[in-house]
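I'd like to go over a predicted model; first the sequence, then the structure.
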Amino acid sequence: MKIKIILTLICSILLTSCYAQTATDSTADKMLVYQLGNGGWPKQLEDKSVVDYALPLTPELLEKIKSTKDLHATFDNKATSREVVYLIKAFKKSQNKAYLKAAEKGIDYILMAQYANGGWPQYYPDKALYRSEITYNDDAMINVLNILQDIATQKNDFELVNPEYIKKAETAVAKGINCILKTQVKQSGNPSIWAAQYDKDSMLPAKARNFEPASLSTSESVGVVRFLMRINQPSLQIKNAIAAAIKWFDANKIVGYRFDRETDPKTKVKTAALVADNTAMVWARFYDIDKNIPIFGDRDNTIKLKLEDLIPERRNGYAWYGNWAQKLIEKEYPKWLTANGTK
């Protein structure tokens, strides 16, 4: 009898352990539900509500998810890339094959969405407005390329995906790098940095929303440079592209200021502004493509040369300045130079 009880307990423990390995991540489980038919993920549902994995899957929410069409699949705001990365890590911990299958379906979507010229749109297959443009904005294309580079080099848990993806990823990364090199904006023949988005056919800088003009974009360009610095045994073209971007960042830094929101002592209203700070440096988010001067887009599609000229909603509702390139030029680039035998 005692032996039977012991064996029962052992079986119970083994079954519990097995169950724990296959169904332990509630967020990953929700990602399976949100995944669209084409393999991508939305950032918003059909009714414009934002995807939030902290929310319980109520019958009402499930109905909203079910009614969301493939056109909502996007790379904007880390959609699709964050899910693929999370699901791979969840699979590693749980060994739940459903997570790996969903991640690989997401990778298929990523590969399918790439243009022949190597770029990625913000949305796929939706081509409305600026959604079909080659999009560096908010690191959309760079997030995708980082995943593919991880697959190609078998890093960051992506060695767990089917080996058949390695060659596909290598090809996609090579095309993506070619797109990056072609779209680096030239000023009087000299490479500078990158725009936030480009026309998918002409590959020329393009505008997106009214307050996002065709311009040099510092935040996105930092992401582009960091990706290029990941490439093993970089070509001379890649090295030159990185060096040119660093030179531009160094030449156009604004020293002695930080971007902050000051509170009016009378109205208590916070207003975005550059604040004097001799320990800080910043860059404007957007620069004129030819003149390298900060520009600011307003809701009415006009371009302002001063932050103070924007309507309050736009002035306070966007990151117009940031220290995005500081760590890149002070620490990361010198380290990269040493690692690549150029210093």
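Yep, it's here.

following the biggest strand by length in the chain, which helix or strand shows up next?
The longest strand of the chain (DSSP state E) is strand 270-284. Remark: after strand 270-284, the chain's next helix or strand is strand 286-287, criterion DSSP states H and E.

which residues in the stretch 1-150 of the chain form strands?
134-135 (DSSP state E, counting those that start in this stretch).

can you give me the helices in it?
With DSSP state H, counting those that start in this stretch as the criterion, the stretch 1-150 of the chain has helices at 2-22, 26-34, 59-67, 81-94, 97-113, 140-153.

and the second one with helix 59-67, angle?
Orientation of helix 26-34 against helix 59-67 (axes from the mean of the first three to the mean of the last three Cα atoms, to 10 degrees) gives an angle of 50 degrees.

give me the buried positions along helix 26-34.
By 16 or more other Cβ atoms under 10 Å, the buried positions in helix 26-34 come out as Ala28, Asp29, Lys30, Met31, Tyr34. In this view, the C-beta of every residue, glycine as well, is placed from N, C-alpha and C.

the fourth one now?
Using 16+ other Cβ under 10 Å as the burial criterion, the residues of helix 81-94 that qualify are Ser81, Arg82, Glu83, Val84, Val85, Tyr86, Leu87, Ile88, Lys89, Ala90, Phe91, Ser94.

between helix 26-34 and it, find me the angle.
130 degrees.

now swap in the last one and tell me
Regarding helix 140-153 and helix 26-34, their directions subtend 110 degrees when assessed with the same axes, to 10 degrees.

which element follows helix 140-153 toward the C-terminus?
helix 164-183.

roughly how far out does that next one sit from the chain middle?
The chain centre lies 16 Å from the centre of helix 164-183; the measure is Cα atoms, centre = their mean, to the nearest Å.

that one - what's its average pLDDT?
Helix 164-183 shows a mean pLDDT of 98.

got the buried residues for that helix?
For helix 164-183, a neighbour-count test (16+ other Cβ under 10 Å) marks 165-166, 168-169, 172-173, 175-177, 179-181, 183 as buried.

a markdown table for those, including distance to Ala113?
A markdown table is the format used below for these (distance: Cβ to Cβ, whole Å):
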| residue | distance to Ala113 |
| --- | --- |
| Tyr165 | 15 |
| Ile166 | 19 |
| Lys168 | 13 |
| Ala169 | 14 |
| Ala172 | 10 |
| Val173 | 14 |
| Lys175 | 12 |
| Gly176 | 12 |
| Ile177 | 17 |
| Cys179 | 13 |
| Ile180 | 17 |
| Leu181 | 20 |
| Thr183 | 17 |
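
nearest to Pro312 among the buried residues of helix 81-94?
Pro312 has its nearest neighbour among the buried residues of helix 81-94 in Arg82, at 31.8 Å by Cβ to Cβ.

what distance separates stretch 322-332 from the middle of the whole chain?
18 Å.

can you list contacts of that stretch?
218-219, 221-222, 225-226, 229, 246, 249-250, 253, 258-259, 280-283, 285 (Cβ atoms under 8 Å, 6 or more residues apart in numbering).

again, but for stretch 230-241
Asn146, Gln149, Thr153, Ile177, Ile180, Leu181, Gln184, Pro191, Leu228, Ile242, Asn340, Thr342.

can you say which two of those residues are spatially most distant?
The two members of these with the most space between them (Cβ to Cβ) are Thr153 and Pro191, at 26.0 Å.

report pLDDT for the residue nearest to the spatial centre of the chain.
The residue lying closest to the centre of the chain (Cα atoms, centre = their mean) is Asp139, at 3.2 Å. Note for Asp139: predicted pLDDT of 98.

ditto for Met1
Looking at Met1, the pLDDT reads 42.

just to revisit the earlier point, and which of the buried residues of helix 164-183 is nearest Ala196?
Nearest to Ala196 among the buried residues of helix 164-183, with distances taken as Cβ to Cβ, is Thr183, at 10.8 Å.

quick one: that closest one from Thr24, how far?
42 Å (Cβ to Cβ, to the nearest Å).

got it, and Leu228?
37 Å.

who has more neighbours out of these two?
Leu228 (22 against 14; other Cβ atoms under 10 Å).

so the more buried one makes contact with Cys179?
No - using Cβ atoms under 8 Å, Leu228 is not in contact with Cys179, being 11.9 Å away.

in stretch 43-52, what counts as buried?
Quick answer for stretch 43-52 (16+ other Cβ under 10 Å): Lys43, Leu45, Val51.

ok, stretch 145-156 next?
Leu145, Asn146, Ile147, Leu148, Gln149, Asp150, Ile151, Ala152, Thr153.

now do the contacts for the residue nearest to Ala280 when sequence neighbours are not counted.
Among residues not flanking Ala280 along the chain, Arg258 sits closest, at 3.9 Å (Cβ to Cβ, 6 or more residues apart in numbering). Listed by Cβ under 8 Å, 6+ apart, the contact set of Arg258 reads Leu274, Val275, Asp277, Ala280, Val282, Asn323.

would it be right to say that Arg258 lies in a helix?
No - counting by DSSP: H, G, I helix; E, B strand; the rest coil, Arg258 falls outside a helix, being strand.

what bridges to it?
Beta-bridge pairing for Arg258 (DSSP bridges): Val275.

how far away is it from Asp139?
For Arg258 relative to Asp139 (Cβ to Cβ), the value is 22 Å.
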